[in-house]
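**Student:** Quick check, what structure comes out for this input:
(one chain, ligands or ions: 1)
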Amino acid sequence: MNVINLRFWHCSQFLQLPKAVFQVPSSSQTLKLSFRNPTTPFAISYKTRFISPIRASMASPSVTDTQMKPFSVLFVCLGNICRSPAAEGVFTDLVKKRGLNSNFKIDSAGTINYHEGNEADPRMRAASKRRGIQITSISRPIKPSDFVDFDLILAMDKQNREDILEAFNKWKDRHSLPDGAHKKVKLMCSYCKKHEESEVPDPYYGGPKGFEKVLDLLEDACGSLLETILAEHIQES
Ligand code: 4NP
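**Tutor:** Modelled structure (predicted):
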């Protein structure tokens, strides 16, 4: 199928819409369109060969609906009371400081439901607070719809990643999950720039240094995660 790639302020990948939507006539001309969403600092622009914006606006899915979708990130660890709530807090803090809150949906989950409904571990909350970061999340287990609702699923360690992928394989047929959804799963430390570690270590049974290490790794990874998302999926003006 012929497709037109449109680069908006967010799409989970470059948008791919059927060419027929735009009714390209033989005498088509190349237009550069620019939109500015009043609620965001992003310039929205795309270049494509197309003649009738009225027809395009009547098409489904509409350009407006698609461009308004925030980029969604889910952080996942084992219990969802230490590492992933901290990751959610660190990333939310960065996004807020850049004035990008409305452009992101950020959440966290655990691969087990043992702590469901609980606040984050007080040691993790205290360590984060000392760095000016608030953790407000309530523990919940990962669920099938997360593979549909989130653009990126970040596992804190390799066991978490394995458990997430196992859950996906278990749920994919019964819940009609998209085939490629498992490709959304990445290791958090794959975004680290200053640290060599490949995993965020579980601090639960250790001392205070473990919680500081978690935050060091998360601050490193979240900074470059945000830069990567902005560069690959969002055009800032
Ligand atoms: P988290 O840490 O996966 O970073 O939330 C843990 C929390 C609870 C347990 C283990 C790790 N637990 O065994 O209950």
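
**Student:** Could I get the CA-only coordinates of stretch 165-185 as CSV?
**Tutor:** Extracted in CSV, the C-alpha atoms of stretch 165-185 (Å, rounded to 0.1, in the frame of the first residue of the first chain):
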residue,chain,number,x,y,z
LEU,A,165,7.5,-10.3,27.3
GLU,A,166,6.2,-13.5,28.8
ALA,A,167,3.0,-11.7,29.9
PHE,A,168,2.7,-10.3,26.3
ASN,A,169,3.0,-13.8,24.8
LYS,A,170,0.4,-15.1,27.3
TRP,A,171,-2.1,-12.3,26.6
LYS,A,172,-1.6,-11.5,22.9
ASP,A,173,-4.1,-13.9,21.4
ARG,A,174,-6.9,-13.7,24.0
HIS,A,175,-6.7,-9.9,24.1
SER,A,176,-5.9,-9.4,20.3
LEU,A,177,-2.8,-7.4,21.1
PRO,A,178,-0.9,-5.9,18.1
ASP,A,179,1.8,-8.2,16.7
GLY,A,180,4.6,-5.8,17.1
ALA,A,181,3.7,-4.6,20.6
HIS,A,182,6.6,-6.5,22.2
LYS,A,183,9.0,-4.2,20.3
LYS,A,184,7.9,-1.4,22.6
VAL,A,185,9.8,-3.1,25.5
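
**Student:** Give me every residue in this protein lying close to the ligand.
**Tutor:** For the chain, the contact set with the ligand under CB under 6 Å from any ligand atom comprises Cys77, Leu78, Gly79, Asn80, Ile81, Cys82, Arg83, Tyr114, Asp202, Tyr204. C-beta: built from backbone N, CA, C; applies to glycine.

**Student:** Can you tell me the element the residue most central in space within the chain falls in?
**Tutor:** The centroid of the chain falls nearest to Val73 when counting by CA atoms, centre = their mean (2.4 Å). Per DSSP states H and E, Val73 falls inside strand 71-77.

**Student:** chain center to that strand: distance?
**Tutor:** 5 Å (CA atoms, centre = their mean, to the nearest Å).

**Student:** contacting residues for Glu88?
**Tutor:** Phe75, Ile106, Asp107, Ser108, Ile135, Ser137 (CB atoms under 8 Å, 6 or more residues apart in numbering).

**Student:** what about the second one, how many neighbours?
**Tutor:** It stands for Ile106. Ile106 has 20 neighbouring residues, counting by other CB atoms under 10 Å.

**Student:** Can I take it that it is in a strand?
**Tutor:** Yes. Under DSSP: H, G, I helix; E, B strand; the rest coil, Ile106 sits within a strand.

**Student:** Could you tell me the per-residue confidence at Ile234?
**Tutor:** Ile234 is assigned a pLDDT of 75 by the prediction.

**Student:** In this structure it contacts Arg98, no?
**Tutor:** No. Contact criterion CB atoms under 8 Å: Ile234 and Arg98 do not qualify, at 10.7 Å.
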